[in-house]
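In: Dropping the sequence and predicted coords here.
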Amino acid sequence: MFVYFLIMNCLHSTYGERIGSIVITLDSHHREHIAHSNFWKSLDGNEPPPFTQILSTDIGIKWVPKDEFNLQHTLEYTKSLESKGRFTLIIWPDHCIIGSNGQAVGTKINYTRILYPNFYNLTFSSFHS
Ligand SMILES: [Zn+2]
């Protein structure tokens with residue numbers, strides 16, 4: 001906790017008023033998530049490594065969802081991302097798995113929230129491009 005207190009003091013003394021807020025995203029995913037490796041397989045059965053880009057045009061050619069039931073959803077989801085022109089589907093390392101320590105807001109972060117309540121905003125995010 002002391003280290004986090006020092007970090008927050010350092011940030012505050014260095015950047016002062018320029019820090020408007022610190023956002024804790026509460027990012028949360030099921031292990032079987034469209035942006036995780038284990039959701040997909042190549043036609044020869046290999047999972048895509050983290051940071052692989054999967055375009056809608058890759059689906060059915062390079063990559064398919066392991067569960068065929070998800071095929072239509074993956075096409076709609078990737079096309080929707082691509083149509084907005086900002087994002088494409090990227091495979092991320094497994095993270096923030098629901099029920100794991102990676103999803104929890106750690107005790108030390110919670111402690112700094114008590115010390116600096118005005119800096120923190122909590123948001124929910126389960127969306128990834
Ligand atoms: Zn995430």
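Out: Happy to help now that I have it. Residues are numbered from 1 along each chain as shown.
In: Count the residues that sit near the residue nearest to His95 when sequence neighbours are not counted.
Out: Nearest residue to His95, sequence neighbours excluded (CB to CB, 6 or more residues apart in numbering): Gly102, at 5.7 Å. Glycine gets a C-beta too; all of them are placed from N, C-alpha and C. Neighbour count of Gly102, defined by other CB atoms under 10 Å: 14.
In: One more: Ile59?
Out: With other CB under 10 Å as criterion, Ile59 counts 19.
In: Can you tell me the closest non-neighbouring residue to the residue in the chain that the ion sits nearest to?
Out: In the chain, the residue that lies nearest the ion is Asp27 (4.0 Å; CB to the ion). With CB to CB, 6+ apart as the criterion, Asp27 has its nearest non-adjacent residue at 4.2 Å, and that residue is Cys96.
In: swap in Lys41?
Out: Lys66 is the one closest to Lys41 (CB to CB, 6+ apart), at 5.3 Å.
In: Give me the three-state assignment for the residue of the chain closest to the ion.
Out: coil (DSSP: H, G, I helix; E, B strand; the rest coil).
In: Domain parsing of this protein, as residue ranges.
Out: 1-28+103-129, 30-94 (automatic domain parsing).
In: Tabulate the ones you listed (a markdown table), appending mean pLDDT.
Out: Shown next, in a markdown table, are those (pLDDT from 0 to 100):
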| stretch | mean pLDDT |
| --- | --- |
| domain 1-28+103-129 | 65 |
| domain 30-94 | 96 |
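In: which one of the ones you listed is the most hemmed in?
Out: domain 30-94 (a mean of 15; mean count of other CB atoms under 10 Å).
In: Just the endpoints, please. Distance across that domain?
Out: 9 Å (CA to CA, to the nearest Å).
In: show me where the protein has helices.
Out: 2-15, 71-83, 107-115 (DSSP state H).
In: what sits against Ser56?
Out: Ser56 sits next to 75, 78-79, 82 when contact means CB atoms under 8 Å, 6 or more residues apart in numbering.
In: Which one of these is nearest to Gly60?
Out: Among the contacts of Ser56, Leu75 lies closest to Gly60 (CB to CB), at 8.3 Å.
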